[in-house]
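Quick one, structure for this:
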Amino acid sequence: MVKHATSSKPSPQDLMLARLLQMHFSFAPAKILSAALQLKLFSHIAAGHHTARAIAGAARADERGIRMELDALVALDLLAKRGGAYWLIPPSSRYLVRESPDYFGSMLEHDALWDAWTPLTSVVRTGRPYRKVEQRKKAEKFFPALVRSLHIMNCGPAHRLAELLGAGKTRHGLRVLDVACGSGIWGIAVAEADSTARVVAHDFPGVLATTRRYVRRHQLGKQFEYLPGDLRKVNFGQGQFDVALLGNIVHSEGERSSRDLFKRLHKALKPGGCVVIIDMIPNDQRTGPAFPIFFAINMLVNTANGDTYTLAEYRQWLAAAGFRQVRPAPIGSHSPAIIATRA
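Numbering: from 1, shown residues only. Okay, the predicted model is just below:
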């Protein structure tokens with residue numbers, strides 16, 4: 001006869017099974033949010049529709065499905081529910097309403113990552129990625145949709161980095177190279193802090209069209225120049241820049257390309273100039289934090305050679321390229337920036 005435990009306290013086995021189930025079902029919040037954004041539910045509520053019936057009508061969707069979706073958004077603390085009505089909360093109004101200037105959903109509403117991660121077993125087995133977003137044709141299609149969200153997310157860290165660099169305070173007239181700049185947020189923050197700074201924004205031509213729109217929005221056109229091209233081939237010049245910014249780009253390049261890039265940037269910097277790396281950085285044992293470790297898998301499925309790299313690896317590669325005083329600098333992000341000075 002099997003005896004059952006009488007304690008109400010869950011056992012270690014119970015906790016482990018619950019954790020495994022939670023991990024297995026952890027896709028649910030992402031899919032719920034993606035569907036809500038594709039259906040423009042936050043925008044419909046902002047437009048004055050508050051019941052499941054009214055929101056379903058605005059979305060041209062099934063009322064039962066919309067009611068379930070809305071309740072799930074309440075459970076995720078993305079909406080408030082009072083009686084039978086649904087209401088925006090301030091963060092959702094700012095970041096999830098499509099018409100908001102701070103709309104963050106452009107990255108979240110698409111299932112591009114879902115599609116890429118679905119064949120993960122095959123990717124791990126073969127080592128071959130689902131796609132290679134670092135290649136020009138894919139990059140020019142993939143990144144313009146992504147950078148609107150990244151621009152919002154990186155705004156605070158970018159301005160904290162500009163302050164760490166002394167832009168507009170201890171240093172004026174900085175000549176900045178923003179490599180693979182995307183929206184240009186890292187260079188924009190320096191230009192906003194120092195009206196005498198000048199930024200050369202580099203990226204693929206199809207991405208620079210997006211950069212130009214953000215530069216115009218920030219009214220910084222007079223401080224920016226543009227350098228189109230593949231970062232593996234473009235000529236950055238010699239001894240021209242005080243600062244070279246690498247905002248979330250090394251992870252897509254792989255070790256060989258990144259080490260070559262560091263050598264070329266060393267030549268492009270003035271004596272005493274610095275390269276700044278903003279990226280996902282795991283600890284030296286690669287046991288955490290979780291996000292940089294998970295992002296390495298994201299590079300496995302999305303690039304040919306990408307990965308996330310430790311501070312120890314960056315120290316070694318930067319020293320080999322001629323940099324010194326390699327140091328981490330907290331910028332209020334998931335990982336510190338890495339700043340290295342040209343010897």
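
Longest helix of the chain, counting residues only.
In the chain, assigned by DSSP state H, the helix with the most residues is helix 136-164.

what sits against Asp203?
Residues counted as contacts of Asp203 (CB atoms under 8 Å, 6 or more residues apart in numbering) are Ala180, Cys181, Gly182, Thr211, Pro228. Every C-beta, even on glycine, is put in place using the N, C-alpha and C of the backbone.

Please, a ChimeraX command that selects the buried ones among the residues you listed?
Here is the ChimeraX command that picks out the buried ones among those, judged by 16 or more other CB atoms under 10 Å:
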select :180,181,182,211
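
which two in the contacts of Asp203 are spaced the farthest apart?
Largest separation among the contacts of Asp203 by CB to CB: Gly182 and Pro228, giving 13.7 Å.

related to what we said a few turns ago, out of the contacts of Asp203, the closest to Ala167 would be?
Distance to Ala167 across those (CB to CB) is lowest for Cys181, with 16.2 Å.

In terms of helices and strands, where is the residue nearest to the closest one when sequence neighbours are not counted?
Among residues not flanking Cys181 along the chain, Ala201 sits closest, at 4.5 Å (CB to CB, 6 or more residues apart in numbering). Assigned by DSSP states H and E, Ala201 falls within strand 198-203.

what angle do that strand and helix 136-164 make?
150 degrees (axes from the mean of the first three to the mean of the last three CA atoms, to 10 degrees).

Work out the gap between strand 198-203 and the centre of the chain.
Here strand 198-203 is found 19 Å from its chain centre; the criterion is CA atoms, centre = their mean, to the nearest Å.

and for the helix or strand just after it, what are the contacting residues?
For strand 198-203, the following helix or strand on the C-terminal side (DSSP H and E) is helix 205-217. With contacts defined as CB under 8 Å, 6+ apart, helix 205-217 is touched by 136, 139-141, 143-144, 147, 151, 181-185, 188, 201, 203, 221, 224, 226, 228-229.

Could you list the buried residues of helix 205-217?
Here helix 205-217 shows Val207, Leu208, Thr210, Thr211, Tyr214, Val215 as buried, counting by 16+ other CB under 10 Å.

ok, back up a step: may I see the buried residues of the longest helix of the chain?
139-140, 142-144, 146-152, 154, 157-162.

cool, and stretch 71-84?
Within stretch 71-84, judged by 16+ other CB under 10 Å, the buried ones are Ala72, Leu73, Leu78, Leu79.

I would like the residues contacting stretch 20-34, please.
In contact with stretch 20-34 (CB under 8 Å, 6+ apart) are residues Glu69, Ala72, Leu73, Leu76, Leu78, Leu108, Glu109, His110, Asp111, Trp114.

picking up where we left off before, okay if I get the buried residues of stretch 71-84 as TSV plus secondary structure?
Converted to TSV, the buried residues of stretch 71-84 look like this (DSSP: H, G, I helix; E, B strand; the rest coil):
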residue	secondary structure
Ala72	helix
Leu73	helix
Leu78	coil
Leu79	strand
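
what's the closest of these to Ile278?
Nearest member of the buried residues of stretch 71-84 to Ile278, counting by CB to CB, is Leu78, at 28.0 Å.

Report the contact partners of the closest one.
By CB under 8 Å, 6+ apart, the neighbours of Leu78 are Leu33, Ala36, Ile89, Ser92, Leu96.

for the second one, phi and psi?
Backbone geometry at Ala36, expressed as degrees, to the nearest 10, gives phi -60, psi -40.

Only the buried residues of the lengthiest strand in the chain, if you could.
Longest strand in the chain by number of residues (criterion: DSSP state E): strand 269-278. Residues of strand 269-278 classed as buried by neighbour count (16+ other CB under 10 Å): Leu269, Gly273, Cys274, Val275, Val276, Ile277, Ile278.

Tell me, what's the model's pLDDT at the first one?
As predicted, Leu269 sits at a pLDDT of 98.

Phi and psi next, for the residue lying closest to it once chain neighbours are set aside.
Counting by CB to CB, 6+ apart, Arg342 is the residue found nearest to Leu269 once chain neighbours are left out, at 4.4 Å. Per-residue torsions, Arg342: phi -70, psi 120 (degrees, to the nearest 10).

beta partners of Arg342?
Phe323 (DSSP bridges).

Now do the same for it: its pLDDT.
The predicted local confidence for Arg342 is 95.

Could you double-check that it sits in contact with Ala268?
No. Arg342 is not in contact with Ala268 according to CB atoms under 8 Å; the separation is 9.2 Å.

who has more neighbours, the two?
Arg342 (24 against 21; other CB atoms under 10 Å).

returning to what we had before: next, format the buried residues of helix 205-217 as CSV and append distance to Ser100 and pLDDT.
Compiled in CSV, the buried residues of helix 205-217 are given as follows (distance: CB to CB, whole Å; pLDDT from 0 to 100):
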residue, distance to Ser100, pLDDT
Val207, 23, 92
Leu208, 25, 96
Thr210, 18, 93
Thr211, 21, 96
Tyr214, 16, 96
Val215, 21, 98
